[in-house]
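1. I'll drop the sequence and a predicted model, then ask my questions.
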Amino acid sequence: MAITEYGQYMPLAGSPGQLANYQEYAADSYPAKEIIPFGAAVQLTADGTGVVPVKTDGNPIGIALSRGIHDYTTNAEDQKYLVGQPVPIVKRGNIFVVAGGDVTNGVAVQVDATTGKFVASGGINFSRAVFRGNATADSLVQIEINLP
């Protein structure tokens, strides 16, 4: 049976780094060499042994998958991976991220290395990724990635 209502089987989009649907996805895992927020674009370190948020001259290899946990009682600042923690990096699939400006469905994805947000222009090219919805600045938007 086809899933016709998103919230019926999967929670609605609530945070960056959350998978957008149950279709097949692929992820690698690397240790964090810096603090990495959920839903951030990441790149390999120079020695290839870990990941950091994308830098100005970087080459994105995927997006940090959210662990889906949050301490709502204390409203803790826990939506990130700390240095040394294993980070699942989504390389293929649909995932929610934060838009850095107005974006349009079907447009190629770029990453603003300064803010870490996803934009349609003026950032670092995120090869083989497209927006799968329209969004405005600072709102969640779904992107589809298909990296090898």
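-> Sure, I can see it.
2. just the strands in this structure please.
-> Per DSSP state E, the chain carries strands over the ranges 26-31, 36-37, 41-44, 51-53, 62-64, 80-81, 86-98, 108-111, 118-119, 124-131, 140-146.
3. tell me the mean pLDDT for the third one?
-> The one in question is strand 41-44. Average pLDDT, strand 41-44: 97.
4. hang on, the earlier thing: so of the strands of the chain, which one's packed in deepest?
-> strand 62-64 (a mean of 28; mean count of other Cβ atoms under 10 Å). C-beta coordinates here come from the backbone N, C-alpha and C atoms, glycine included.
5. Can you pull out the residues in contact with that one?
-> Strand 62-64 has contacts (Cβ atoms under 8 Å, 6 or more residues apart in numbering) with 17, 27-28, 36-42, 51, 81, 87-91, 95, 97, 143, 145, 147.
6. at 6 Å what do you get?
-> 17, 36, 38, 40-42, 87, 89-91, 95 (Cβ atoms under 6 Å, 6 or more residues apart in numbering).
7. May I ask which two of these are separated the most?
-> Greatest spatial distance among these (Cβ to Cβ): Phe38 and Lys91, at 16.1 Å.
8. residues contacting the most centrally placed residue in the chain?
-> The centre of the chain sits closest to Gly39, judged by Cα atoms, centre = their mean, with a distance of 3.2 Å. Counting by Cβ under 6 Å, 6+ apart, Gly39 makes contact with 16-17, 97.
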